[in-house]
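Asks: Predicted structure and sequence below. I'll ask about it afterward.
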Amino acid sequence: MLYILDTADLEAIKHCNEFYPLAGVTTNPSIISKANTDFWKLVKEIRNIIGEDKMLHVQTTQKTAEKIVEEAKLLKKELKGDFYVKIPINEEGLKATMELKKLGIGVTMTAIFTPTQALIAAKAGASFVAPYVNRLDNIIGDGTEVVAQIVEQFDLYGMDCKVLAASFKNAEQVHKCSMVGCQSVTVTADILKNVISHPMTDAAIAGFDKDWKSVYGDKTILDF
Ligand code: G3P
């Protein structure tokens, strides 16, 4: 499982990059707009924080295949390292994906809501497909079931494409995706924190601390 952070909040990225086994960062136009700052300064700072070995996924703002390819080349040139251009699925997006595959620029096909979209994106050469789990759950779809079907299809057809499940609102959705073999998830810092948190864990840690202190006071193993 690859854990990716879905944010352009630099403090959150610094924190999670230090404390979690992070594989990279994803953004989209809504996330970038929220930061409301100079685009290049922001994405280059994200690259600086995570380094060139980790994945950076940035979404195109273009609508035609030709312009998407032009923008992807510029993004790759400027952001270097392990880079993927996010392209929403439609005809122009598929055409751009086929071109970018030839150029060796990684594509994450995004705004995926069905297994049929995912399979054809993989066939066009996308390295990742990003199904939106919570947005499906919100309309009484079953986000994790869609993820499960995509994983199964990729397996059936031997597609060299990973599922990057996105749009999460809670840790249970992340867990359900992990149980169906989803290869990667992109989540907020809050959800990442929820993934590792449990009140019983906090209670266990407090209990160990109390018992140790009752005998050894403030002394730690390093002090013996
Ligand atoms: O980039 C896709 C994902 O981040 C969308 O999440 O929370 O806007 O549904 P959300």
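Replies: Structure's in. What do you need?

Asks: buried sites along stretch 201-219?
Replies: Residues of stretch 201-219 classed as buried: none (neighbour count, 16 or more other CB atoms under 10 Å). To be clear about C-beta, it is placed using only N, CA and C from the backbone, and glycine gets the same treatment.

Asks: got it, and stretch 140-155?
Replies: Neighbour counts over stretch 140-155 (16+ other CB under 10 Å) mark 141, 143-144, 146-151, 153-154 as buried.

Asks: do the same with stretch 69-82
Replies: Across stretch 69-82, burial judged by 16+ other CB under 10 Å covers 69, 71-72, 75-76, 79, 82.

Asks: if I look at the residue of the chain most remote from its centre, how far off is residue 209?
Replies: Distance from the centre of the chain peaks at residue 215, with 45.5 Å (CA atoms, centre = their mean). With distances taken as CB to CB, to the nearest Å, residue 215 is found 12 Å from residue 209.

Asks: do the same with residue 107
Replies: 49 Å.

Asks: Kindly report the same for residue 220.
Replies: 11 Å.

Asks: low-scoring stretches of this protein, by residue?
Replies: Low-confidence regions of the chain, defined here as pLDDT under 70, do not occur.

Asks: quick one: contacts for the residue farthest from the centre of the chain?
Replies: Contacts here follow CB atoms under 8 Å, 6 or more residues apart in numbering; on that basis residue 215 touches nothing.

Asks: so how far is the ligand from it?
Replies: Going from residue 215 to the ligand by CB to the nearest ligand atom, to the nearest Å gives 48 Å.

Asks: Go through the buried residues of stretch 69-82 and name the one nearest the ligand.
Replies: residue 75 (15.9 Å; CB to the nearest ligand atom).

Asks: Verify the stated contact: that closest one with residue 83.
Replies: Yes. Taking CB atoms under 8 Å as the definition, residue 75 is a contact partner of residue 83 at 6.7 Å.

Asks: circling back: okay, and which of the buried residues of stretch 69-82 map to helices?
Replies: Mapping the buried residues of stretch 69-82 onto helices (DSSP state H) picks out 69, 71-72, 75-76, 79.
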